[in-house]
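In: predicted model follows, preceded by the sequence.
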Amino acid sequence: MLAERQDNVKGDEGIPVRATYKRAKSRQGKWAPEDDEMLEQLVEKYSHLPEPAIWSKVSGGRLKSDGVPLLRDPASCCRRWRHLHPPASHQGGRWTSEEERRLQEAIWEQFEGKYQVAVDVFPNKPATTKHTFGAWKPELVQLPGQEGLPILKEGSRRLGMLNWVLIAEKVGSRAEMDSRNHFYSSYHNANRGPWSKEELARGQEGLAKFGKDYQKITAHVGTRSPMQVTRKVCYWAQKKTKNEAKEAARVVNGAKSQSIKKHI
């Protein structure tokens, strides 16, 4: 991983802090031109360090001892640098069969052969639908040995542990974000678009049965990812709150109207 653990980093008061605290202080959002300029200078300053150590230094680095630190997450610094300086070997456009194979093999290696990498699930079909990649994407063929293994959906904890820097290195011809985005767009393994009546019913059943345990609700729905289920449950909660507020306002306004009529 890019984020190197630094349990003994000293904070603003000279007190050792854990790496998690350092990450919590990192700024997020769009990179400004000043940030890019500072990143360039810090990379030059710490160019003697190998990866991933260099990004840990750059993320909180200062150009001067009393200067303002960059305060960006190490992984964010690495991604931004590679965006500004893409390797000459990286290409764009349609993925070739060989690139697809290398991407699957790199992810398969990190999955330790325990989960399917390429899973094809069409809208309104259960997650166990047999893959039919060849019918619409000839260059994307599922590697042998995957069929029948458990399926990971977008938002699952295990997918969040994938190291895209290493995966991109094994692909060789694509950048880190290109590899990640292609995986989620082409190997997507949950339904897209509006929820069907059956999915909505299973979602409501899961919510009533498991509360806000999104992993269990996801398993109950079967065709949606944890991220999709979480968003849907939050949407239901917001809609319920708005309806309750409208009803309360209606009752109050009704009571006021009755009170006014009595005094007329």
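Out: Everything's here; your move.

In: ok, residue 99 - how many residues close by?
Out: 19 (other C-beta atoms under 10 Å). Backbone N, C-alpha and C define where each C-beta goes, glycine included.

In: and it, what does it touch?
Out: Neighbour list for residue 99: 171, 173, 174 [criterion: C-beta atoms under 8 Å, 6 or more residues apart in numbering].

In: which strands and helices sit next to the helix or strand hosting residue 238?
Out: Here residue 238 sits within helix 226-263, counting by DSSP states H and E. Applying 3 or more C-beta pairs under 8 Å, 6 or more residues apart in numbering; DSSP states H and E, one finds that helix 226-263 contacts helix 197-210, helix 214-221.

In: return the most buried member of those helices.
Out: helix 214-221 (a mean of 20; mean count of other C-beta atoms under 10 Å).

In: just for the stretch 101-250 of the chain, where's the confidence low?
Out: 119-140, 153-155, 185, 188-192 (pLDDT under 70).

In: circling back: adding distance to residue 252, write the helices and strands packed on helix 226-263 out as a markdown table.
Out: A markdown table is the format used below for the helices and strands packed on helix 226-263 (distance: least, C-beta to C-beta, whole Å):
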| stretch | distance to residue 252 |
| --- | --- |
| helix 197-210 | 29 |
| helix 214-221 | 35 |
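
In: closest one to residue 50 among those helices?
Out: With C-beta to C-beta as the measure, helix 214-221 is the member of the helices and strands packed on helix 226-263 nearest residue 50 (37.8 Å).

In: can you show me the CA trace of that closest one as PDB?
Out: C-alpha atoms of helix 214-221 as PDB (Å, rounded to 0.1, in the frame of the first residue of the first chain):
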ATOM      1  CA  TYR A 214     -26.400  -3.100   5.100                       C
ATOM      2  CA  GLN A 215     -24.300  -6.300   4.400                       C
ATOM      3  CA  LYS A 216     -27.200  -8.500   5.400                       C
ATOM      4  CA  ILE A 217     -29.700  -6.400   3.500                       C
ATOM      5  CA  THR A 218     -27.500  -6.700   0.500                       C
ATOM      6  CA  ALA A 219     -27.400 -10.500   0.800                       C
ATOM      7  CA  HIS A 220     -31.200 -10.500   1.100                       C
ATOM      8  CA  VAL A 221     -31.700  -8.300  -2.000                       C
END
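
In: quick check: which of the helices and strands packed on helix 226-263 is nearest to residue 42?
Out: helix 214-221 (38.8 Å).

In: name the helices or strands packed onto that closest one?
Out: By 3+ C-beta pairs under 8 Å, 6+ apart, helix 214-221 packs against helix 197-210, helix 226-263.

In: pick the most deeply packed of those.
Out: By mean count of other C-beta under 10 Å, those have helix 197-210 as the most buried, with a mean of 15.

In: name the residues that touch that one?
Out: 191, 195, 216-218, 220-224, 229, 232-233, 236.

In: ok and it relative to helix 214-221, angle-wise?
Out: Here the directions of helix 197-210 and helix 214-221 differ by 140 degrees (axes from the mean of the first three to the mean of the last three C-alpha atoms, to 10 degrees).

In: quick check, residue 73 in contact with residue 58.
Out: No. If you go by C-beta atoms under 8 Å, residue 73 and residue 58 don't touch, sitting 10.5 Å apart.

In: the two: which is more packed in?
Out: residue 58 (24 against 20).

In: phi first, then psi, for residue 72.
Out: Main-chain torsions, residue 72, degrees, to the nearest 10: phi -120, psi 150.

In: pretty sure residue 101 sits against residue 143.
Out: Yes. Using C-beta under 8 Å, residue 101 is in contact with residue 143, at 7.4 Å.

In: still on that earlier bit, among the contacts of residue 99, who's most crowded?
Out: residue 171 (26 neighbours).
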